[in-house]
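Engineer: Pasting a predicted model and its sequence here:
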Amino acid sequence: MVDLVALWLPILLSAVFVFVASSVIHMALPLHKNDYGQMPQEDRVLDALRGAVPPGQYRFPYAASMKDCGSPAMQAKFQRGPIGTIVIQSGMNMGKALGQWFVFCLVIGVFVAYVTGLALPAGADYLRVFRIAGAVAVLAHAIANVHDSIWKGVTWGTTLRFALDGVIYGLLTAGTFAWLWPASA
């Protein structure tokens, strides 16, 4: 077993490596270029939403309960469409979002350190550390968006591209932990 404190460096560096990799993937590569399209009649829709819908997340048509969901009126709304989810933000603060993303990467690093530290002793070989750290990190990064396709209608192509990102992030995390794993005393 390896104490969490002894793994502070791979936690920190894996977060830095994932942060940089995600920046390259999302800014320099065309992988996510077509994940979201422009809404038809965007200006008209935005004008209708502006001032009428406060920031929040919404599902439409909305049913307050499962009983309401099965009512003939709600079923008619479902049949008529559209059906969807929408998130309304009051503004875009890229610095805040990037800061939250980095903290999220740190939190994943802490969980990777915790599980791998419980499973392996100091001095474990590179491949064993890589396998356990990689499994935890890939699960944390790659599986996170699957529910969006299941419940929110996000296309499976978009989810699979984000899962590919997650595999890359998980492998970077695994490599960092395996590289910096403490030697036996």
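Structural biologist: The structure has been received and is ready for your questions. Numbers count the residues shown, from 1 in each chain.

Engineer: where along this structure do the strands fall?
Structural biologist: Counting by DSSP state E, one finds strands in the chain at the ranges 56-60, 84-88.

Engineer: any chance of those strands in CSV, plus mean pLDDT and mean neighbour count?
Structural biologist: Every C-beta, even on glycine, is put in place using the N, C-alpha and C of the backbone. Formatted as CSV, these follow (pLDDT from 0 to 100; neighbours: other C-beta atoms under 10 Å):
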stretch, mean pLDDT, mean neighbour count
strand 56-60, 92, 11
strand 84-88, 89, 11
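
Engineer: want to try JSON lines for those strands, with distance to L180 as columns?
Structural biologist: JSON lines is the format used below for these (distance: least, C-beta to C-beta, whole Å):
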{"stretch": "strand 56-60", "distance to L180": "39"}
{"stretch": "strand 84-88", "distance to L180": "38"}
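
Engineer: Tell me which of those lies nearest to G134.
Structural biologist: strand 84-88 (31.6 Å; C-beta to C-beta).

Engineer: what lines up beside the closest one in the sheet?
Structural biologist: Applying DSSP bridges to the sheet, strand 84-88 is found paired with strand 56-60 (antiparallel).

Engineer: Excluding chain neighbours, what is closest to P54?
Structural biologist: Nearest non-adjacent residue to P54, counting by C-beta to C-beta, 6 or more residues apart in numbering: I88, 7.0 Å away.

Engineer: check contacts around L31.
Structural biologist: Counting by C-beta atoms under 8 Å, 6 or more residues apart in numbering, L31 touches I25, R161, L164, D165.

Engineer: so what's it scoring on pLDDT?
Structural biologist: At L31, the model reports a pLDDT of 89.

Engineer: cool, and N34?
Structural biologist: Looking at N34, its pLDDT is 88.

Engineer: measure the closest residue to V146 other than its chain neighbours to R59 for me?
Structural biologist: Sequence neighbours aside, T159 is the residue nearest to V146 in space, at 6.0 Å (criterion: C-beta to C-beta, 6+ apart). Distance, T159 to R59, by C-beta to C-beta, to the nearest Å: 18 Å.
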